[in-house]
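Enquirer: here's a sequence, model it:
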Amino acid sequence: MEIEFDVKITPGVLYDYMLYHTYTSASGLIGSIVGALLVVTFFMGYGVLFLIGGVIILAYLPWTLFIKSRQQYLANPAFKNPLHYQMTEEGLTVSQNGELQSQKWEYMHKAVSTPRSLILYTSTVNASIFPKKDLGEKAVNVTRMISTHMPPKKVKIRS
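Expert: Just a heads-up that it's a prediction; the model follows:
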């Protein structure tokens, strides 16, 4: 079986990926917990500074990720054109402007989903992002291909 599709990386797609990546890491979770605790402390009768601190902490990360996604999109020429992906029994190949990169399934780190994208991590920090709007009806086959070729413990894709 072989699946081919094109995806366009936009600032919104990058933002969705960055939110997932950050809030599933220890630092993102700790920041959220600290911010929430400060807000709760305010409602327990402590000063307004706790509320202000909590709101700043809770809003800071999403805002900076929003700005960073825009900057990364503008700074990376690869995002200007669609990326062409080919999934085969051997692995994943991505091509753009005549350049090809391939990776075998056994070297894939993990696969996850967000409400807007399927994310296939090729290392702990690098990933191929497949926006669901670009996949359309191929999303089911892409999910099936990933689930077939990666161990179940590495796949956390929800429909």
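
Enquirer: next SSE after the host helix or strand of Ala111?
Expert: Using DSSP states H and E, Ala111 sits within strand 110-113. Going down the chain from strand 110-113, the next helix or strand is strand 117-121, by DSSP H and E.

Enquirer: quick one: strands adjacent to that following strand?
Expert: Strand pairing for strand 117-121, determined by DSSP bridges: strand 110-113 (antiparallel), strand 127-131 (antiparallel).

Enquirer: ok, residues contacting it?
Expert: 13, 16-17, 20, 92, 108-113, 127-132, 135, 139, 142-143, 146, 157 (CB atoms under 8 Å, 6 or more residues apart in numbering). The way it works is simple: take the backbone N, C-alpha and C, and place the C-beta from them, glycine included.

Enquirer: quick one: distance of it to the chain centre.
Expert: Put simply, strand 117-121 sits 6 Å off its chain's centre (CA atoms, centre = their mean, to the nearest Å).

Enquirer: what separation is there between the residue lying closest to Lys138 once chain neighbours are set aside and Ser25?
Expert: Distance criterion CB to CB, 6 or more residues apart in numbering; nearest residue to Lys138, sequence neighbours excluded, is Phe5 at 5.3 Å. Per CB to CB, to the nearest Å, Phe5 is found 28 Å from Ser25.

Enquirer: now Lys104
Expert: For Lys104 relative to Ser25 (CB to CB), the value is 26 Å.

Enquirer: ditto for Lys80
Expert: Counting by CB to CB, the separation of Lys80 from Ser25 is 29 Å.

Enquirer: where exactly do the strands run in this structure?
Expert: For the chain, the strands defined by DSSP state E cover 3-7, 83-87, 91-96, 99-104, 110-113, 117-121, 127-131, 155-156.

Enquirer: mind giving me the domain ranges of this structure?
Expert: For the chain, automatic domain parsing gives the domain ranges 3-8+81-156, 13-75.

Enquirer: would TSV of those with mean neighbour count be doable?
Expert: Formatted as TSV, these follow (neighbours: other CB atoms under 10 Å):
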stretch	mean neighbour count
domain 3-8+81-156	15
domain 13-75	15
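
Enquirer: let me have those in JSON lines, extended by mean pLDDT.
Expert: Listed next are those as JSON lines, based on pLDDT from 0 to 100:
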{"stretch": "domain 3-8+81-156", "mean pLDDT": "92"}
{"stretch": "domain 13-75", "mean pLDDT": "91"}
